[in-house]
Every structure is written in C-alpha cells, then in structure tokens.
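> what follows is a protein structure lacking sequence information:
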C-alpha cells in the first residue's frame, strides 16, 4: 500500500469507529497496523540507504521514518487498549481512540510533505 492509500484507509477506519463493534475495529486496525509497519520499514530502509550510500543524513527521509514509527506505535497502543476492552480488562473506549486520533492528521502531514 502507498502512503496515500494507507492515509485514506485510516481516515475511513476512524470515521467508522462509532459503527464498528470491537472485533471489527481490532481486525481492521491490525491490518492497518501492518500497513503502517510496512511503510515505516520502507521509509527507514530508504533513509538508512541514503546515509550508507551517500554519507548524507537526509532530514526529510529521517523525519518521514520517525513519524511513521510514532504513528505505528500509537496504532499499537490503541489496538492494545481495544483488545483489553474486548477481554473485559478495560472499559475506556475513548482512551483507545485517543491514541488513534493523531494518526489521520499525522499521515495527512506526511502526504502533504511528500507532495510538496
């Protein structure tokens, strides 16, 4: 998946949060987490290759990789909380979605940065 595709999918996921049951939210969220992880790994590899091959610390590539790492970690925290809710260990749904709330805007910023 491309960055813009993942951004669109995550926005749709977030927009549907009130109409999904916990199992659906967890399953869709796990698929999106995998997509974010793949994007992060690709961005990090591109950054590391630029440093290794050119000896240049590319700020833009580093910032992209760091942002994707942060967003995938927020996704993991949100999913962990959703799973705890489903298992009866937690009941704070707003807490789960608060971790996820930063992801659409963060991805939007990345898409705008890549397009600029």
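Great, that's in hand. Nothing here was measured: the structure is a model prediction, and the numbers come from that model.
> tally of neighbours for residue 83?
Neighbours of residue 83 under the rule other CB atoms under 10 Å: 18. C-betas here are computed from N, CA, C, even on glycine.
> show me the shaky parts of this structure.
54-56, 114-116 (pLDDT under 70).
> what about the helices in the chain?
Under the criterion DSSP state H, helices of the chain are mapped to 3-15, 22-54, 59-86, 93-115.
> list the contacts of the last one.
Counting by CB atoms under 8 Å, 6 or more residues apart in numbering, the neighbours of helix 93-115 from elsewhere in the structure are 3-4, 6-7, 10-11, 14, 17, 29, 36, 60, 63-64, 67-68, 70-71, 74-75, 77-79, 81-82, 85.
> and that helix, which residues are buried?
96-97, 99-100, 103-104, 106-107, 110-111 (16 or more other CB atoms under 10 Å).
> now flag whichever of these is closest to residue 22.
Of all those, residue 96 has the smallest distance to residue 22: 9.2 Å, by CB to CB.
> gap between stretch 41-50 and the chain center?
Here the centre of stretch 41-50 is set off from its chain's centre by 17 Å, with CA atoms, centre = their mean, to the nearest Å.
> then stretch 79-96?
Relative to its chain's centre, stretch 79-96 lies at 18 Å (CA atoms, centre = their mean).
> and it, end to end?
With CA to CA, to the nearest Å as the measure, stretch 79-96 spans 7 Å from end to end.
> start the count at 14, not 1, going forward
Sure, I'll start counting at 14 from here, so that last one is stretch 92-109.
> now, which of the buried residues of helix 106-128 sits nearest residue 61?
Using CB to CB, these come closest to residue 61 at residue 123, 18.2 Å.
> look up how far residue 85 lies from the closest one.
Going from residue 123 to residue 85 by CB to CB, to the nearest Å gives 12 Å.
> correct me if wrong: residue 46 contacts residue 88.
Yes. The pair residue 46 / residue 88 is scored as a contact, 4.7 Å apart, by CB atoms under 8 Å.
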